[in-house]
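Participant: Output the structure for:
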Amino acid sequence: MAPFVASGSLTVLPPHAPVSAVEEDPHNNEEVMDQDDNQPEEDTQKPHFYYVPPSRQDNPRKDELITSQETLDEHYHRLSFGTCIIAPRNQVAFCKVQWIPFDSMSPAELTGWEKNVFHLLKRCEHVNPVKKNGAPTDGMMWANRWRKSSDLDQSVGRFCLVGKMKNAMKRAQYNPVSEAAGIQEASDFISLQLQKFAPGVFESCRQLLINSRFPSMAHMEYPSPYTKNDFTSFLTFTMHNF
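Facilitator: Residues are numbered from 1 along each chain as shown. Next up, the predicted model:
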């Protein structure tokens, strides 16, 4: 969702349009209403620029702790195709998202995503929900991660109630070897997707992980050697509306 949009423009530029075409675009004003975001399939590979006017860059309903569906429908513009990069004008981007239709994937890609989803669904059975931080619209978030310790003589660790852990292991018929292989496969898959989608972000996260000597998400024990795909200590995910 593009934040707080009730007017703006969705402009399709030629593949090699100069930067000045974006800066001087005459549609970047508050008088032009949104165009339909359901673009023809042949247009989804071209650059799309969506301009949010200054008056639509503030929260329209600050009184809502959790944004209502009515507010989303009235003040937001839905983006549902291609790759979207969100950035203030002439400033560093802070968000990048991509929509990939299942019917456009190769059999190998589809299998990879299916296996990853099944892995995360299985983790939901015994991974605690993430405490709310902000105003999510709906659904539940989980985190599969190593985390910092509050003890002065420890820097990282996995923490849980022993009784709860035993019960979870029994329910899941826990096998440490197969569990380690599954987590490694999921970590590698997510890592490869990030390398293709945002290689600079991947390298930055990887260097932070190694330089800080943090455990990788795929590590079952700490310390352990790093692999070429290790890049983060945690993964936060949701299965809402999947």
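Participant: And the helix ranked longest in the chain, what does it pack against?
Facilitator: Looking across the chain with DSSP state H, the single longest helix is helix 176-197. Judged by 3 or more Cβ pairs under 8 Å, 6 or more residues apart in numbering; DSSP states H and E, the packing partners of helix 176-197 are helix 107-123, helix 199-211. Just so you know, the C-beta spots here come from the backbone N, C-alpha and C atoms, and that holds for glycine as well.
Participant: quick check: mean pLDDT across it?
Facilitator: Taken as a whole, helix 176-197 has a mean pLDDT of 92.
Participant: about what we covered before: now render the helices and strands packed on helix 176-197 as CSV, adding mean neighbour count.
Facilitator: Output for these, formatted as CSV (neighbours: other Cβ atoms under 10 Å):
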stretch, mean neighbour count
helix 107-123, 14
helix 199-211, 13
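Participant: rank those by mean pLDDT and give me the bottom one.
Facilitator: Averaging pLDDT over each of those puts helix 107-123 lowest, since it has a mean of 90.
Participant: Just want the angle from the next helix or strand after it to helix 176-197.
Facilitator: Sequence order places strand 141-145 as the next helix or strand after helix 107-123, per DSSP states H and E. Computed by axes from the mean of the first three to the mean of the last three Cα atoms, to 10 degrees, the angle separating strand 141-145 from helix 176-197 equals 110 degrees.
Participant: which residues touch strand 141-145?
Facilitator: Residues outside strand 141-145 that contact it (Cβ atoms under 8 Å, 6 or more residues apart in numbering): 120, 123-124, 127-130, 217, 233-238.
Participant: List every C-alpha atom in stretch 83-102, with coordinates, as PDB.
Facilitator: Extracted in PDB, the C-alpha atoms of stretch 83-102 (Å, rounded to 0.1, in the frame of the first residue of the first chain):
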ATOM      1  CA  THR A  83       8.700  -3.600  -8.100                       C
ATOM      2  CA  CYS A  84       8.000  -0.700  -5.900                       C
ATOM      3  CA  ILE A  85      10.800   1.500  -4.300                       C
ATOM      4  CA  ILE A  86       9.600   4.000  -1.700                       C
ATOM      5  CA  ALA A  87      11.700   7.100  -1.200                       C
ATOM      6  CA  PRO A  88      11.300  10.800  -0.400                       C
ATOM      7  CA  ARG A  89      12.200  13.000  -3.300                       C
ATOM      8  CA  ASN A  90      16.000  13.300  -3.600                       C
ATOM      9  CA  GLN A  91      16.500  11.200  -0.500                       C
ATOM     10  CA  VAL A  92      17.600   7.700   0.200                       C
ATOM     11  CA  ALA A  93      15.000   4.900  -0.400                       C
ATOM     12  CA  PHE A  94      13.800   3.200   2.700                       C
ATOM     13  CA  CYS A  95      11.600   0.400   1.300                       C
ATOM     14  CA  LYS A  96      11.600  -1.900  -1.700                       C
ATOM     15  CA  VAL A  97       8.900  -4.500  -2.400                       C
ATOM     16  CA  GLN A  98       8.200  -6.800  -5.400                       C
ATOM     17  CA  TRP A  99       5.100  -8.800  -6.400                       C
ATOM     18  CA  ILE A 100       5.700 -12.000  -8.200                       C
ATOM     19  CA  PRO A 101       2.600 -13.800  -9.500                       C
ATOM     20  CA  PHE A 102       2.700 -17.600  -9.000                       C
END
